[in-house]
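K.L.:
Following is a predicted model, sequence given first.
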Amino acid sequence: MKQENKFSLWKFLFKIFQGAFVGLGAVLPGISGGVLCVIFGIYKTIMEFLADPFKKFKTHVPKLLPYGIGVIVGFLGIAKLLAFLLETYEAQSVCVFIGLIAGMLPSLFREAGEKGRSTGSYISLVVGMAAIFALLITLKVLNVTIAGNVFWWLFSGFCLALSVIAPGMSFSTLLMPLGLYQPFVDGISSFDFSILIPAGIGALATVVLFAKAVNMLFDKHYSVAFHAIVGVVIAATVMIIPFGSFLTLTGAIVNTVCLVCGVAAALALDKFNSKFADKK
């Protein structure tokens, strides 16, 4: 009996650890908290709960509680450090993030093919990739920069919630080209309620309005929807590569090391999670 209690405590702590990574993924550039939810095997449970929270409260909240604790710890705990790193070591930090995403792509692609692949699946991957390339390249060419206000913090909350509801949709994908990402992260790290309150309202409204629709989409068109998201992840990742920082020998070496470290960390995390999943 003692051994069983000990194992249960280990599972609870491990779920908090996984939730912390989801919280990290929610705020890190280019990474989607939804992708990590998929990798950790909790995405379906979360979407079932968000689609019908009253009916699923008793069955799903106990399952999601440790993950929720971890998300709060990861989200708030990393914000201040992230703001410092992005300001001081921007290129190196982004390269680590890119490595993390690249290391997670094999797992994401396996998950996308869990219910089979069709011609439509590959078409949706290409369309998703092309759409994000077109959007982000247009924003970059036009050099769009927006000053933060209540409306744009509501929009930031919408993007943040969408990054969990739709795996692969990183909220930083849109906020970085618009110049909103850095002030948003700064606002989180300093507990600026003029940013946190409208962002929270935007996130809650997004969950209420879109969670059930996204859940139905994945139930009925799992492979097509998931492959589109893989395409979005690939395009968004390519667009945040700091190519200019690779032009010097020192920069190329340091950034390559950061990329490799990110890939290695992601692969190790995926392997560790797979071993744990096999024991459940």
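P.N.:
In hand now; what should we look at? Numbering: from 1, shown residues only.

K.L.:
And the helices in the stretch 101-250 of the chain, which stretches?
P.N.:
119-142, 150-165, 172-178, 181-189, 193-220, 222-239, 249-279 (DSSP state H, counting those that start in this stretch).

K.L.:
Adding mean pLDDT, write these out as CSV.
P.N.:
Shown next, in CSV, are the helices of the stretch 101-250 of the chain (pLDDT from 0 to 100):
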stretch, mean pLDDT
helix 119-142, 87
helix 150-165, 86
helix 172-178, 71
helix 181-189, 80
helix 193-220, 85
helix 222-239, 85
helix 249-279, 80
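
K.L.:
mind checking which of those is nearest residue 38?
P.N.:
Residue 38 lies closest to helix 222-239 among the helices of the stretch 101-250 of the chain, at 8.3 Å (CB to CB). Yep, even glycine has a C-beta here, placed from its N, CA and C like the rest.

K.L.:
Flag every buried residue along that closest one.
P.N.:
The neighbour-count check on helix 222-239 (16 or more other CB atoms under 10 Å) flags 222-237, 239 as buried.

K.L.:
Kindly report the same for stretch 193-206.
P.N.:
Neighbour-count burial for stretch 193-206 flags 195-196, 198-200, 202-203, 206 (criterion: 16+ other CB under 10 Å).

K.L.:
Show me the contact partners of it.
P.N.:
With contacts defined as CB atoms under 8 Å, 6 or more residues apart in numbering, stretch 193-206 is touched by 148, 150, 153-158, 160-162, 165, 183-184, 187-188.

K.L.:
Now with 7 Å, please.
P.N.:
Applying CB atoms under 7 Å, 6 or more residues apart in numbering, the contact partners of stretch 193-206 are 150, 153-158, 160-162, 165, 184, 187-188.

K.L.:
for stretch 20-29, same thing?
P.N.:
31-33, 35-37, 67, 70-75, 78-79, 82, 94, 97, 160, 163-164, 172, 176, 181, 185, 188, 240.

K.L.:
List buried residues within the residues you listed.
P.N.:
31-33, 35-37, 67, 70-71, 73-75, 78-79, 82, 94, 97, 160, 163-164, 172, 176, 181, 185, 188, 240.

K.L.:
And the pLDDT at residue 117?
P.N.:
On the pLDDT scale, residue 117 is placed at 92.
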